[in-house]
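Enquirer: dropping a prediction and its sequence here:
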2 protein chains.
Amino acid sequence: MMRKTHNRILEAGFRVFAATPTATLQDVADEAGIGRATLHRHFKGREELMAALALTAMKELDTAIEAATQDASSHTEALRRSLDAMIPLADRQMFLANEPLDHVPEVLAAYTQQLDELAEAIEAAKDEGGFDRAVPTAWIVQAYETLTYAAWAVVRDGNVTATEAAELMWRTLQSGLSGGQS
Amino acid sequence: MMRKTHNRILEAGFRVFAATPTATLQDVADEAGIGRATLHRHFKGREELMAALALTAMKELDTAIEAATQDASSHTEALRRSLDAMIPLADRQMFLANEPLDHVPEVLAAYTQQLDELAEAIEAAKDEGGFDRAVPTAWIVQAYETLTYAAWAVVRDGNVTATEAAELMWRTLQSGLSGGQS
DNA sequence: TCATCATGAGACAAAGATGTCTCATTTTTG
DNA sequence: CAAAAATGAGACATCTTTGTCTCATGATGA
C-alpha cells in the first residue's frame, strides 16, 4: 500500500486518542489529513486500528528500552536508564489502558510479556540489592509503571524537564522523598 | 423522587463504568435492576449521570479523608492516614479520569480544589520535614495520586492487603524501596 | 505515454445509543 | 381506602458511528 499513509494514520491515532479516547475514525482521518475511506483501506476497522496502535507503541517502547539498557552495568542500572526511554513514550502507552484490547491475543501476549520482563528485571535488581527483597515485586512493578505515567504528566504540565522527572522518579523508588527535620 | 432508586443507580454506575467505561445507560439500568426510562427520570442524560458520579465520588473521598485525619498529630501524619481512606475508594475516582468532565464547572471546581488541598498539605508537610523542600510539590502530588491507584490495583489483584498496600505506598514515598547490598 | 495503484469525496445502509413519550401497574402517602 | 407519586415496559424518532461501495482524480512506475 502506501506505508507513508499507513504511518500517518498511526501517528494521527496516537495524537487523537491521547486527547480523546472516544474519538471517531472520522476524527483520526481528519487529523491524518486523509479521507475516512482510505483509513478503512489500511485498517479493517476501529478494533484493528487500536490493536495496531497498541502493538506499535509496545514495540517502540521495547526498542527504546533495549537501546537504553544494552550497555548497563547492572540490572538496577538498566531499570534506571529505562526511565529516560519510557517517560517520553508514556502517552503512547497509557491511552490504551482503558481499551478493551484483551480480546486481541497478539496484544495481550505482548503486554503480558512486557510485564513479565519488568518483573524479572526487578527480581534481578533485588539480587543486586537495588530493591528490598521484603517488598513484593508486584508492588514495585505497579509503582514503576504508575510513576512513569506520573513523570510523563509533570513533564507535560511543564513543571519539570524530562531529565529531572526521571531523576525524581528514581529517587522516589530508591530513597523516597522525605527531608531532614527543619 | 425515590432517593433509594437514586442511590441504586449511582452504585450501579460505579460498578458498570469501572468495568467498562463505554458502557450503555441500558447497562447501568440493568445493573441497577430498573428500567431505562426510570434512569432518565433521575438523571437527564449520560452527562448528568457522569457528573453526579464524579461529585459523589469526590464528596465521599473528602468525607473519608476528613474523618481519617481529624485527630492527626501533624500534616505528615495526616497524609499517611489519608492513604487508608483513599486506597479503597480509588476505583470510584479513577474511572472518571478519562471522562471529559471539564465541561461541567461544578466538577472541575471540586477537582481543582481537591488538588489544591493536597498540594497545601504537602507544602505543610515539607515544613515539618516530612518531605524534602528540594522536591517539587507538583511531583509529590502526582506521585501521591498515581501511587494511590497503584496501591488499589495491587489490592484488587490480591497481591497484598489494603493495609499492607498503604504501608508500602508510604514507605515508597518516604524512604523508597531500596535494600542493603546482599 | 500508458496502465496501475492509491486516494478523495460522497452516497448508502445497518447498527447502536440516546432522549422522549405513553400507558398500565405498583408503591407510597395522606 | 383513595389520591398521588414512582416505576416498568415498550414504542418511536433521532443522531452518531461504522462499514461498504462507487466513481472520478491524482500519483506512480514500467
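Expert: It's in.
Enquirer: which residues in chain A form helices?
Expert: Here chain A has its helices, by DSSP state H, at A:3-19, A:25-32, A:36-42, A:46-69, A:75-86, A:91-94, A:105-127, A:137-156, A:162-174.
Enquirer: what sits up against the fourth one?
Expert: When you say that, I think you mean helix A:46-69. For helix A:46-69, contacts defined as CB atoms under 8 Å, 6 or more residues apart in numbering or on different chains pick out A:9-10, A:13-14, A:17, A:25, A:28, A:39, A:43, A:78, A:81-82, A:84-86, A:89, A:92-93, A:95-96, A:99, A:101, A:104, A:106-107, A:110-111, A:114. Placement of C-beta: from N, CA and C, glycine included.
Enquirer: please identify the buried residues of that helix?
Expert: Using 16 or more other CB atoms under 10 Å in any protein chain shown as the test for burial, helix A:46-69 gives A:49-58, A:61, A:64-65, A:68-69.
Enquirer: near DNA strand D, which of those residues show up?
Expert: Among the buried residues of helix A:46-69, proximity to DNA strand D is found for none (CB under 7 Å from any atom of the strand).
Enquirer: from the residues you listed, which is closest to DNA strand D?
Expert: Nearest to DNA strand D among those: A:Leu49, at 8.0 Å, using CB to the nearest atom of the strand.
Enquirer: what's the burial count for the closest residue to DNA strand D within chain A?
Expert: Closest contact between chain A and DNA strand D, by CB to the nearest atom of the strand, is at A:Gly45 (2.9 Å). A:Gly45 has 10 neighbouring residues, counting by other CB atoms under 10 Å in any protein chain shown.
Enquirer: ok, A:Cys166 touching A:Ile87?
Expert: I think there's a mix-up here, since residue A:166 is Ala and not Cys. Yes - assessed by CB atoms under 8 Å, A:Ala166 is found in contact with A:Ile87 at 5.8 Å.
Enquirer: who touches both of those two?
Expert: Going by CB under 8 Å, 6+ apart, residues that sit against A:Ala166 and also against A:Ile87 are A:Ala151.
Enquirer: would you write a PyMOL line that selects the buried entries of the contacts of helix A:46-69?
Expert: With 16+ other CB under 10 Å as the criterion, this PyMOL line picks the buried residues out of the contacts of helix A:46-69:
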select buried, chain A and resi 9+10+13+14+17+25+28+39+43+78+81+82+84+85+86+89+92+93+95+96+99+101+104+107+110+111+114
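Enquirer: give me every residue in chain A lying close to DNA strand D.
Expert: So chain A meets DNA strand D at A:Thr24, A:Leu25, A:Gln26, A:Arg36, A:Ala37, A:His40, A:Lys44, A:Gly45, A:Arg46, A:Glu47 (CB under 7 Å from any atom of the strand).
Enquirer: which members of these are the farthest-apart pair?
Expert: Spanning the widest gap among these are A:Ala37 and A:Glu47, at 17.9 Å by CB to CB.
Enquirer: distance of A:Ala124 relative to A:Ala138?
Expert: Using CB to CB, to the nearest Å, one gets 16 Å for the distance from A:Ala124 to A:Ala138.
Enquirer: those two: which has the busier surroundings?
Expert: Ranked by neighbour count (other CB under 10 Å), A:Ala124 and A:Ala138 place A:Ala138 first, with 19 against 16.
Enquirer: so chain A: which segments form each domain?
Expert: A:1-43, A:51-174 (automatic domain parsing).
Enquirer: would you tell me whether the last one gets close to DNA strand C?
Expert: This points to domain A:51-174. No - Domain A:51-174 does not reach DNA strand C (CB under 7 Å from any atom of the strand); its nearest approach is 12.4 Å.
Enquirer: about what we covered before: any idea which of the helices of chain A has the lowest pLDDT on average?
Expert: Of all the helices of chain A, the minimum mean pLDDT falls on helix A:91-94 (a mean of 93).
Enquirer: wait, what's in contact with the residue lying closest to A:Asp157 once chain neighbours are set aside?
Expert: Excluding its sequence neighbours, the residue lying closest to A:Asp157 (CB to CB, 6 or more residues apart in numbering or on different chains) is B:Ala138, at 6.9 Å. Going by CB under 8 Å, 6+ apart, B:Ala138 touches A:Val154, A:Asp157, A:Asn159, A:Val160, B:Ala119.
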